[in-house]
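# Kindly generate the corresponding structure for this input.
(chains A and B)
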Amino acid sequence: MAGCSDCLSQTPNLAAIAPLQSEFPFEWIYIRSIIEVSLYVSLVAVALSTLLSIPVALVLGFTEFRGKGFLRSVITTGMGFPSVVVGLSVLFLVSNQGPLGPLDLIFTTEAMILSQLVLATPVIMGVSLAAVSSVDQQVRDAAFAMGGTRLDVALVTIKEARYGLVTAVLAGFGRAISEIGSVLIVGGNIVGSDGESYTRTLTTAIRVEARNGQFDTAFLLGAILVVLVLLVNALVIRLGGTNGGYR
Amino acid sequence: MTMDDPATAAKDASSTRPTDAPPSTTPTLRAVDIRHGYGSETVLESVSLSIDAGEVVAIIGPSGVGKTTLLRLLALFEQPRDGALEYDGTDVWEITTQQRLAFRRRIGMVFQDASLFDASVRRNAEYGLHVRQSWIDRLRREVADLVGLRDGTSEAIEALDVVGLADELDRHASSLSGGEAQRVAFARALAFDPDVLLLDEPTSDLDPRNTSVIEDAVREASERGIGVAIATHDMNQARRVADRVAVLLGDGIIEVGETKTMFEDPEDPRTRKFIDGELIY
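Next up, the predicted model:
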């Protein structure tokens, strides 16, 4: 971090901006790299979280065991966990003194992914659990009675709960991409001297521009963030087969 | 599954048996002295019942007596606390899970509610066939469905034809009436050509026309050699469709016999009272 103090909050070279981009108070490389970092960190975190959350939700939804109620309440509590606390915890994990210190993850996109994973997982898991639990037991029984294995019953449950599961993924993505506190702490909000973002995301960039009084830039980045969220939502809904129609 | 597998051997034997051959002395399905319950409550005590190929057995009894529990045990949803469940002479709880799956796949079940999947009529009817396919074939089917290059499989269409819905392949399950949904549920259980069909009050919520369609389908299944167990509290339905009737009262079967005998001259006085609606329970 100290070695990169000169690259923090770099103001882009306005003179280098092409005429078409002259209305933008920053270089194209700056905004493109910020979008890339934001999408990369959020999409990877949400993908990993989904792979982890849906099987856990299926197991929790299907089985009865001691402590299940407690586990559910832990997940529910995690849905509203303060992101700054998550950021501090992940910072400790990846710091030199932390258990992940040898991996040298501090102020990297990987550390940001880890913090977003921690934040998005309770959301995706909690909403997925609600979706899976809402599938009628008789539908699951029907799959079993037609000769389905436990895996077949799980697949039927996923299909029946698909609208809820898509909602879970979108909620997790929303939480991840709009996150600012923890990514600022573990990522360091770093931009290179060439204007290329290393760990600066749209949200942290908005914060920087607003603090610098560049409100037009901040609003523009905000608009880009909203458009990105809309695009990803539309894509996920399309792939999830809901066609926007939640029944 | 190898030819040594009892399920395969029995299936092959039944499929090659001449239609005029005398019925096997070994019932397709047999519950032997089973006992079951939930928690400290005993639901079924010393229940024995057999279902032969091609016969319809009605299980009658008041609501809450354990008819559904008995059918779920026969469908291998759960293991009885005591006693044995035999398919073609094999105790299905004394074999491996994989072997038991082979037996389970010879049973179809229709529930009181249709419990259709959130999919088209065709996909619902094909589900039992689908889970019996290899994963490669299943993937091919999914891809073909995605690009709209597939018609219904002949077995599913034939089963839907039995319940009069072969022309409704592309309708979504949510657009069906309750009666139509139950008919699709019946076709779904019939499509994979089971040896045994278990029907849990399949017409309790249906109008007379849909009830009639289901009862005709039960007769057709029976004529195909499928053993049918139907739980019902409709005495007239039991009289119309069943070859034999088992009366489930208290926590056990009190009497089993030919339908005509059971309705006209039952041995147990409680059966007479139940049929006449005079039994207080």
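# where does the chain dip in pLDDT?
Reading this off chain A. A:1-26, A:240-247 (pLDDT under 70).
# switch to chain B, that's the one I care about
Residues of chain B meeting the criterion pLDDT under 70: B:1-27, B:150, B:152, B:279-281.
# Geometric centre of it: which residue is closest?
In chain B, the residue lying closest to the centroid (C-alpha atoms, centre = their mean) is residue B:198, at 1.5 Å.
# shouldn't it be in contact with residue B:77?
No: with contact defined as C-beta atoms under 8 Å, residue B:198 does not reach residue B:77; the gap is 10.2 Å. All C-beta atoms are positioned from the backbone trio N, CA, C, and that covers glycine.
# shared neighbours of those two, anything?
Taking C-beta atoms under 8 Å, 6 or more residues apart in numbering or on different chains as the criterion, residue B:198 and residue B:77 both touch residue A:145.
# beta partners for the residue nearest to the centre of chain B?
residue B:109, residue B:229 (DSSP bridges).
# what's the spacing between it and residue A:116?
49 Å (C-beta to C-beta, to the nearest Å).
# repeat for residue B:207
Distance from residue B:207 to residue A:116, by C-beta to C-beta: 55 Å.
# ok, now residue B:73?
Residue B:73 is 48 Å from residue A:116, by C-beta to C-beta.
# ok, the residue nearest the centre of chain A - contacts?
In chain A, the centroid-proximal residue (C-alpha atoms, centre = their mean) is residue A:176; its distance is 2.7 Å. Neighbouring residues of residue A:176 by C-beta under 8 Å, 6+ apart: A:41, A:42, A:45, A:46, A:116, A:119, A:120.
# let's see 7 Å
By C-beta atoms under 7 Å, 6 or more residues apart in numbering or on different chains, the contact set of residue A:176 is A:42, A:45, A:46, A:116, A:119, A:120.
# Of these, keep whichever come out buried.
A:42, A:45, A:46, A:116, A:119, A:120 (16 or more other C-beta atoms under 10 Å in any protein chain shown).
# Would you mind checking which of those is nearest to chain B?
residue A:46 (24.1 Å; C-beta to the nearest C-beta).
# pretty sure the closest one is in contact with residue A:171, am I right?
No: counting by C-beta atoms under 7 Å, residue A:46 does not reach residue A:171; the two are 9.8 Å apart.
# ranges for the helices of the chain?
Going with chain A. A:28-62, A:68-79, A:83-94, A:109-133, A:137-145, A:150-160, A:162-177, A:181-187, A:202-211, A:215-239 (DSSP state H).
# could you do chain B instead?
B:6-16, B:67-74, B:97-104, B:121-130, B:135-146, B:154-162, B:178-190, B:208-223, B:235-241, B:259-264, B:269-275.
# Can you lay out those as JSON lines showing distance to chain A and mean neighbour count?
Shown next, in JSON lines, are the helices of chain B (distance: least, C-beta to the nearest C-beta, whole Å; neighbours: other C-beta atoms under 10 Å in any protein chain shown):
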{"stretch": "helix B:6-16", "distance to chain A": "12", "mean neighbour count": "15"}
{"stretch": "helix B:67-74", "distance to chain A": "8", "mean neighbour count": "22"}
{"stretch": "helix B:97-104", "distance to chain A": "6", "mean neighbour count": "17"}
{"stretch": "helix B:121-130", "distance to chain A": "4", "mean neighbour count": "26"}
{"stretch": "helix B:135-146", "distance to chain A": "10", "mean neighbour count": "12"}
{"stretch": "helix B:154-162", "distance to chain A": "12", "mean neighbour count": "20"}
{"stretch": "helix B:178-190", "distance to chain A": "6", "mean neighbour count": "25"}
{"stretch": "helix B:208-223", "distance to chain A": "15", "mean neighbour count": "17"}
{"stretch": "helix B:235-241", "distance to chain A": "21", "mean neighbour count": "18"}
{"stretch": "helix B:259-264", "distance to chain A": "26", "mean neighbour count": "16"}
{"stretch": "helix B:269-275", "distance to chain A": "28", "mean neighbour count": "17"}
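# Of those helices, which is nearest residue A:184?
helix B:135-146 (42.4 Å; C-beta to C-beta).
# Residue B:82 - how many residues pack around it?
When neighbours are defined as other C-beta atoms under 10 Å in any protein chain shown, residue B:82 has 13 of them.
# Report the beta-bridge partners for it.
With DSSP bridges as the rule, residue B:82 is bridged to residue B:35.
# right, and it touches residue B:35 too?
Yes: Residue B:82 lies in contact with residue B:35 (C-beta under 7 Å); the separation is 4.1 Å.
# Now do the same contact list for the nearest residue to residue B:100 once chain neighbours are set aside.
Nearest residue to residue B:100, sequence neighbours excluded (C-beta to C-beta, 6 or more residues apart in numbering or on different chains): residue B:92, at 5.3 Å. Residues near residue B:92 by C-beta under 7 Å, 6+ apart: B:76, B:85, B:100, B:103.
# how much space is there between the second one and chain A?
Distance of residue B:85 to chain A, computed by C-beta to the nearest C-beta, to the nearest Å: 15 Å.
# Spatially nearest residue to that residue, not counting backbone neighbours?
residue B:92 (5.3 Å).
# now do the first one
With sequence-adjacent residues excluded and distances taken as C-beta to C-beta, 6+ apart, residue B:76 is closest to residue B:104, at 4.9 Å.
# The one you found against residue A:147, yeah?
Yes: at 6.1 Å, residue B:104 and residue A:147 qualify as touching, with contact defined as C-beta under 7 Å.
# Can you get me a residue count around residue B:205?
14.
# Got the phi and psi for it?
phi -110, psi 10 (degrees, to the nearest 10).
# For it, list the residues it contacts.
residue B:178.
# how far away is it from residue A:154?
Residue B:205 is 29 Å from residue A:154, by C-beta to C-beta.
# One more: residue B:229?
28 Å.
# Of these two, which one has the most company?
residue B:229 (29 against 20).
# Report back the residue of chain B that's furthest from centre.
residue B:147 (34.6 Å).
# Around chain B, pick out the residues from chain A.
Within reach of chain B by C-beta under 7 Å from any C-beta of the partner chain, chain A has these residues: A:136, A:138-139, A:141-142, A:144-149, A:152, A:156, A:159-160.
# Can you select the buried ones from those in ChimeraX?
Applying 16+ other C-beta under 10 Å to the residues of chain A next to chain B leaves a buried subset, and the ChimeraX line that selects it is:
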select /A:139,141,142,144,145,146,147,148,149,152,156,159,160
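# Can you tell me which of the residues of chain A next to chain B is closest to residue A:236?
Distances from residue A:236 to those, taken by C-beta to C-beta, are shortest for residue A:159, at 16.3 Å.
# and the closest one, what does it touch?
Counted by C-beta under 7 Å, 6+ apart, residue A:159 has contacts residue B:118.
# again with the one 5 residues further on
When contacts are counted by C-beta under 7 Å, 6+ apart, residue A:164 is found next to A:127, A:130, A:131, A:134.
# and residue A:180, how many neighbours does it have?
Residue A:180: 18 neighbours (other C-beta under 10 Å).
# Actually, residue A:51.
Residues near residue A:51, counting by other C-beta under 10 Å: 10.
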